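*Asks:* Please find the sequence and the predicted model below.
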Amino acid sequence: MKCTILPGLPASGDPSHHFCFEQPSPWAEGLVVSFTASQGNTWVGNFQQGHGYATKLIEWPAANAVIVVASGAVYFVSLDHSKPWQCYHALGIDCILTPNQGDAVISTYDHLLMIGQSGQVVWRRLLAIDGIDLEVKSVQNEEISGMYCWDPPEGWSPFRVSRVNGTDLVPNSD
């Protein structure tokens, strides 16, 4: 599978698939992505943009899916369309696959989410109240670590949470 961000909607070909998290649908051009399967089949997705700054594509081969971050809107899209697509948040920042690609960790301005290969939310954790940024540094073994920014007065704090359930990990007392 190859995913490519296009400069706009194609003028010809099959109609694009629209992915909108708000109702009613805005029916406007958003982030346009071309999906080309290994067999050569191509389709285009038009993703409603969120309210953030991040835009990226994270291919997830183990789930046969792609995580699309469209100006903050975070979508899970099954490439074989066997699972319904989902939008998790409109202020997404990043997505990191776990080392075995069994799960994905999504960071937003204030939440961490763990999602499974079928797109279901395993857990959701509010980390930064009035936060303006949340950065995952590492996903290893049973731990997710990173930094979050809190506001006011704008300071950065580290976090360590369980990959299993999102609860805080207590530092080792050596």
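*Replies:* Structure's in. What do you need?

*Asks:* And stretch 158-168, what's buried?
*Replies:* For stretch 158-168, a neighbour-count test (16 or more other C-beta atoms under 10 Å) marks Phe159, Val161, Arg163, Gly166 as buried. From N, CA and C alone the C-beta is placed, and that goes for glycine too.

*Asks:* How about the contacts made by the residue nearest the centre of the chain?
*Replies:* By C-alpha atoms, centre = their mean, the chain has its centre lying nearest to Val74, at 4.2 Å. Val74 makes contact with Gly50, Ile67, Val68, Cys87, Tyr88, His89, Gly92, Cys95, Ile106, Thr108, according to C-beta atoms under 8 Å, 6 or more residues apart in numbering.

*Asks:* among those residues, who's most crowded?
*Replies:* Highest neighbour count within the contacts of Val74: Gly92, with 31 neighbours (other C-beta atoms under 10 Å).

*Asks:* Cross-check the contact I'm expecting between it and Val105.
*Replies:* No - with contact defined as C-beta atoms under 8 Å, Gly92 does not reach Val105; the gap is 11.4 Å.

*Asks:* Could you save the contacts of Val74 as JSON lines and add columns showing secondary structure and pLDDT?
*Replies:* Formatted as JSON lines, these follow (DSSP: H, G, I helix; E, B strand; the rest coil; pLDDT from 0 to 100):
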{"residue": "Gly50", "secondary structure": "coil", "pLDDT": "94"}
{"residue": "Ile67", "secondary structure": "strand", "pLDDT": "97"}
{"residue": "Val68", "secondary structure": "strand", "pLDDT": "97"}
{"residue": "Cys87", "secondary structure": "strand", "pLDDT": "95"}
{"residue": "Tyr88", "secondary structure": "strand", "pLDDT": "95"}
{"residue": "His89", "secondary structure": "strand", "pLDDT": "92"}
{"residue": "Gly92", "secondary structure": "strand", "pLDDT": "93"}
{"residue": "Cys95", "secondary structure": "strand", "pLDDT": "94"}
{"residue": "Ile106", "secondary structure": "strand", "pLDDT": "95"}
{"residue": "Thr108", "secondary structure": "strand", "pLDDT": "90"}
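
*Asks:* Take these and write them to JSON lines, including distance to Trp60.
*Replies:* Compiled in JSON lines, the contacts of Val74 are given as follows (distance: C-beta to C-beta, whole Å):
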{"residue": "Gly50", "distance to Trp60": "19"}
{"residue": "Ile67", "distance to Trp60": "6"}
{"residue": "Val68", "distance to Trp60": "11"}
{"residue": "Cys87", "distance to Trp60": "16"}
{"residue": "Tyr88", "distance to Trp60": "14"}
{"residue": "His89", "distance to Trp60": "17"}
{"residue": "Gly92", "distance to Trp60": "15"}
{"residue": "Cys95", "distance to Trp60": "9"}
{"residue": "Ile106", "distance to Trp60": "12"}
{"residue": "Thr108", "distance to Trp60": "18"}
